[in-house]
Structure formats: C-alpha cells, structure tokens
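[1] Output the structure for:
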Amino acid sequence: MTTEKKIFKHNRTITPLSDELKTRYKIQSTGERNKYVRMLLSGLGGQGKTTIIGTASRRVLIDEVETIPNSNVLLLEYDPDGDDTIVSMGAIVDRIQSPSEKDLLEILKACATSKEFEQYDVVAIDAYNKLQDIEVDTVLPVGVAFSAQRKHARIDTEVMEIQDYGRLKKRCRIINDHIGIIKKHVIVTCIMGFKDHPLDMAKPKSDRKQITSLALDGQMAHTLSTQFSLHGIVSKDGSGSNLVVKTSFSQYNSEAKTRFRMEHDCENITFPEILDMIGIEDPTFQKIKWEQDKMGFLPHMVGRNGTS
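    Below is the predicted model:
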C-alpha cells in the first residue's frame, strides 16, 4: 500500500516581490546576509587581548614589505600600552587615540554608513573600561558643580552624583547601540578586575573572597555583554619561548551574568582562526598565517600549497 504524498497548495496566487520593492524597502533574504563576528575579549592587563586585535590585520610587514596598501583594521585606542604590542607584531592598523564621546559616536556611525570607511573590515575598541574612565572625567565636574550649588561642605570626587552616574550609563548605552549597527567584524576588549564577592559583603574586608569580573559595574557589564555574539577570556602562560596565549570561550562571567556561547579553550588563538571556528569564511585572511615564537606572534605568507 502506497501513501499518497501531500502537497501544500497556496489558497491564493502568490506574486513574487519585485526587485523595485525590494530595493525601496531594503528587503534582504537571510541567505544574502554577510556574516560578521562581534567579539568581546576580557582578561587581566597584559594577557594578550590586543594581540588578537593585531592578528586581525591583513596589512603587515613581511621582509619589510607591506602586504596590502591600505589598513583593514580601525583601532579606537583608549589604552596607549597597546601600541607596543601592535608594532612589535609587525601589524599595521589605522588608529585614533582616545576620541571624545562626540567624536567616537561620529566615527562609529561612519563605520556603519560611510563608503569612505569601506576599506575597514574590522573595527576594534581597546579597551572599553579605559573609555569609561574618560566618560567619568566628563561628568564629574557636573557633580561637583551641583554639590557647590547646594553648598555641601564635603565633596567626594571619587563618588559621582547619582544623576551624573545615570547620564554615564545612558551614554554607554548610546555607544553600544552605535557599535551594534556596524556591519563589520567588531572586537572590543575590556580589562578584568577583582571585586569583593557579593555574599561576603558583611564580612571584614580582609575576609572577603575576590572574584574576577569586567572592570565595569554590573549594569554596564551586562549591557555591554548583550551586544556581542562571542565572548572570550584571554590569559597568558609562561614567558619567552614558552609563551602561550589561551582564549577560553566557555567560562562564566560573574559580572555580566552571561555564559559564553562556545565550548573552546584554544592555545595561541588568532583572529582568522576564531572566524574559522565559528564558521565564517573570509578568504582575505588566508594569505597570512600568524605563528607564535619567542618574539611573540609574527606574520608569515602562506604559499599556494598552504605552507608558509
């Protein structure tokens, strides 16, 4: 006995959407959508976060020759210590040092909308918590001014006025929204810090356990973490020829309340390898291989047979 195959039939005539309408309303099939990675890298200072940004560069010096004429990485640099890392690797990136809030928003908008920024396929911010320091400086004088108007005898410059802290969080949300619309690979680093365990707050300071977290307050950390599809914690073992940079995508971030979405613990990880891990094919990265030696990560040209 054979079963007749059921065929779905429309109860009305379907007219395919015209190309004119698709263009007018910017309708796209998901099959036509380019795939990008939005990556948040956390770690203590000097652990290799900026190194991974360096391995996203396709414009590198190999035998004193630049591989491409223009840089593909735009680095918004709030941590000046990252300069030495990029230079020692032989990577070449275009960088903007410590842009103001207004300039930062204009730059991020240009990365998302301007054809003049099309040469960049990677936009990086190093490091997000350093950006927070700059924003704190911009709101503190307002808090002091409010205190002066109320004629407070004591002004604690380490504690912002509540209304000013609210402004800071609002600014951070605006920055994050600008990051979210960029249709390029995005790498953001954030230095990790130590904080008292919430359950130990009633204990004396010396008796409280320390936990690692993003160097941001809980709400900001959570807001930041939700903008990214991939989170990693970077750490470094050894020194010299024994140096190993590890990136774990399986740890739990106690501050952001977000479990990282991948189960990988990779040694000497590079940006092209991360793209490969998550199934993004980007042939522009296949001509350069970053290899670890006692000098750190250095680029090598890959021949047609796949060898350097």
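[2] Please make it C-alpha for all contacts and neighbour counts, starting now.
    OK.
[3] Okay, now the unreliable bits of the stretch 201-308 of the chain?
    Scanning the stretch 201-308 of the chain for pLDDT under 70 picks out 239-242, 253-257, 259, 261, 295, 303-308.
[4] again, only this time at 50
    304-306 (pLDDT under 50).
[5] Tell me where it has strands.
    210-214, 230-237, 244-248, 252-253, 258-259, 265-267, 288-293, 296-301 (DSSP state E, counting those that start in this stretch).
[6] Adding distance to Val186 and mean neighbour count, write the ones you listed out as a markdown table.
    Output for the strands of the stretch 201-308 of the chain, formatted as a markdown table (distance: least, C-alpha to C-alpha, whole Å; neighbours: other C-alpha atoms under 10 Å):
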| stretch | distance to Val186 | mean neighbour count |
| --- | --- | --- |
| strand 210-214 | 18 | 19 |
| strand 230-237 | 10 | 22 |
| strand 244-248 | 17 | 23 |
| strand 252-253 | 20 | 18 |
| strand 258-259 | 19 | 14 |
| strand 265-267 | 20 | 15 |
| strand 288-293 | 19 | 19 |
| strand 296-301 | 21 | 20 |
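[7] who wins for proximity to Leu131 among the ones you listed?
    Nearest to Leu131 among those is strand 210-214; the distance by C-alpha to C-alpha comes to 13.3 Å.
[8] which other helices and strands contact the closest one?
    strand 185-196, strand 252-253 (3 or more C-alpha pairs under 8 Å, 6 or more residues apart in numbering; DSSP states H and E).
[9] and that strand, which strands flank it?
    Strand pairing for strand 210-214, using DSSP bridges, gives strand 185-196 (antiparallel).
[10] Need the contact partners of the strand it pairs with.
    Residues from elsewhere that reach strand 185-196 (C-alpha atoms under 8 Å, 6 or more residues apart in numbering): 36-45, 49-50, 53, 121-129, 179, 208-215.
[11] now do 7 Å
    Residues outside strand 185-196 that contact it (C-alpha atoms under 7 Å, 6 or more residues apart in numbering): 36-45, 49, 121-129, 208-215.
[12] Could you do stretch 264-279 as well?
    52, 55-56, 244-250, 281, 285, 290, 292.
[13] Recalculate using a threshold of 8 Å.
    Contact partners of stretch 264-279, identified using C-alpha under 8 Å, 6+ apart, comprise 37, 52-53, 55-56, 244-250, 281-282, 285-286, 290, 292.
[14] what's around Cys111, how many residues?
    25 (other C-alpha atoms under 10 Å).
[15] How about the one 3 residues further on?
    Under the neighbour criterion other C-alpha under 10 Å, Ser114 is assigned a count of 11.
[16] do the same with His178
    Neighbourhood size, His178 [other C-alpha under 10 Å]: 19.
[17] Helix or strand: which one has it?
    helix 162-180 (DSSP states H and E).
[18] what comes up buried for that helix?
    By 16 or more other C-alpha atoms under 10 Å, the buried positions in helix 162-180 come out as Asp164, Tyr165, Leu168, Lys169, Cys172, Ile175, Asn176, His178, Ile179, Gly180.
[19] burial count for the nearest residue to the last one once chain neighbours are set aside?
    Closest residue in space to Gly180, ignoring its immediate chain neighbours: Gln227 at 6.4 Å, by C-alpha to C-alpha, 6 or more residues apart in numbering. Burial measure for Gln227: 15 neighbouring residues, criterion other C-alpha under 10 Å.
[20] if I pick Gln227, what's in contact with it?
    Arg38, Asn176, Gly180.
[21] how much space between the second one and Cys190?
    If I follow you right, that is Asn176. 14 Å (C-alpha to C-alpha, to the nearest Å).
[22] Which neighbours do those two have in common?
    Counting by C-alpha under 8 Å, 6+ apart, nothing touches both Asn176 and Cys190.
[23] What are the boundaries of the strands in the stretch 1-150 of the chain?
    Using DSSP E, counting those that start in this stretch, strands in the stretch 1-150 of the chain cover 38-43, 61-62, 65-66, 73-77, 94-97, 122-126.
[24] Now render the ones you listed as TSV, adding distance to Pro299, mean neighbour count and mean pLDDT.
    Formatted as TSV, the strands of the stretch 1-150 of the chain follow (distance: least, C-alpha to C-alpha, whole Å; neighbours: other C-alpha atoms under 10 Å; pLDDT from 0 to 100):
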stretch	distance to Pro299	mean neighbour count	mean pLDDT
strand 38-43	21	24	91
strand 61-62	7	16	84
strand 65-66	11	12	86
strand 73-77	15	23	96
strand 94-97	18	14	94
strand 122-126	18	25	96
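[25] Throw the ones you listed into TSV and include distance to Thr258, thanks.
    As requested, the strands of the stretch 1-150 of the chain are exported to TSV (distance: least, C-alpha to C-alpha, whole Å):
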stretch	distance to Thr258
strand 38-43	12
strand 61-62	38
strand 65-66	40
strand 73-77	25
strand 94-97	30
strand 122-126	21
